[in-house]
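> Quick one, structure for this:
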Amino acid sequence: MTYTGQVEQGGPADVREAPGLRITKVCTPPFTNNCYLLRCTQTGDTLLVDAAGDAPRLLELVGDGRLVGVVETHGHWDHQQALAEVVEATGAPVLVHANDADDLPVEATRLLVDGEVVEVGQQQVRVVHLVGHTPGSVALVWEGDPERPHAFTGDSLFPGGVGNTEKDPQRFTSLLDDVTAKLFDVLPDETWVYPGHGADTTLGAERPSLPEWRARGW
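Next up is the predicted model:
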């Protein structure tokens with residue numbers, strides 16, 4: 001089956017088989033949040049990106065793999081509805097940036113910093129701190145695929161624009177500056193973007209719109 005990234009709340013997951021990494025996308029209730037499971041195909045070690053909801057479904061998708069961590073891309077409540085239950089069931093560590101750690105319902109195990117690497121079996125993802133949607137928002141970038149990098153952007157980058165900054169010009173400028181400098185300026189057009197809600201996109205599809213986004217202010 002060809003991966004499309006098109007998922008519906010409560011519907012089936014979509015799975016991408018990349019070299020060394022299985023990427024599973026699922027849209028969970030009670031809100032239309034995307035959750036991603038990154039599974040090293042050599043070891044079965046799995047990293048969950050945003051335990052947004054439906055803990056039983058997320059645990060089912062982990063399956064016989066070992067959940068080595070849950071990364072919260074930011075501290076907003078709609079991205080953490082299943083976090084406590086998943087952690088209780090698995091004992092998995094919780095990874096989040098220090099600036100959003102106090103917003104979680106459980107204590108963070110590891111405080112992420114910009115540029116550090118998170119191990120997932122034999123694979124690695126790089127932490128990218130993107131300030132604006134929240135003070136501690138992060139993306140995760142995996143560059144183990146020779147065809148394209150893969151960026152899990154939470155609520156910082158979507159098709160059509162950056163994340164909500166509540167009409168705050170300072171927050172908007174910060175987020176767009178970070179997204180531009182840390183994603184668009186260093187990653188190729190082929191980079192696949194997996195956002196916290198809705199459909200996927202690529203950096204190449206969004207790059208021509210950067211001046212328009214800055215001009216409109218959101």
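> what is the mean pLDDT for the helix or strand hosting Phe152?
Element membership of Phe152, judged by DSSP states H and E, is strand 150-154. Regarding strand 150-154, the rounded mean pLDDT is 98.
> Remind me what that strand packs against, helices and strands.
Secondary-structure packing of strand 150-154 (3 or more Cβ pairs under 8 Å, 6 or more residues apart in numbering; DSSP states H and E): strand 138-142, strand 192-195. Just so you know, the C-beta spots here come from the backbone N, C-alpha and C atoms, and that holds for glycine as well.
> and Ile23, which of these is closest to it?
When the helices and strands packed on strand 150-154 are compared by Cβ to Cβ, strand 192-195 sits nearest Ile23, at 7.6 Å.
> So which bits of the closest one are buried?
Of the residues in strand 192-195, those buried by neighbour count under the rule 16 or more other Cβ atoms under 10 Å are Trp192, Val193, Tyr194, Pro195.
> Max pairwise distance over the residues you listed: which two?
Across the buried residues of strand 192-195, the longest distance by Cβ to Cβ is 10.7 Å; it joins Trp192 and Pro195.
> Serialize the helices and strands packed on strand 150-154 to TSV and add fields for mean pLDDT and distance to Val70.
Shown next, in TSV, are the helices and strands packed on strand 150-154 (pLDDT from 0 to 100; distance: least, Cβ to Cβ, whole Å):
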stretch	mean pLDDT	distance to Val70
strand 138-142	98	12
strand 192-195	98	16
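> Only the buried residues of stretch 157-170, if you could.
Under 16+ other Cβ under 10 Å, the buried positions of stretch 157-170 are Leu157, Phe158, Gly161, Val162, Gly163, Asn164, Thr165.
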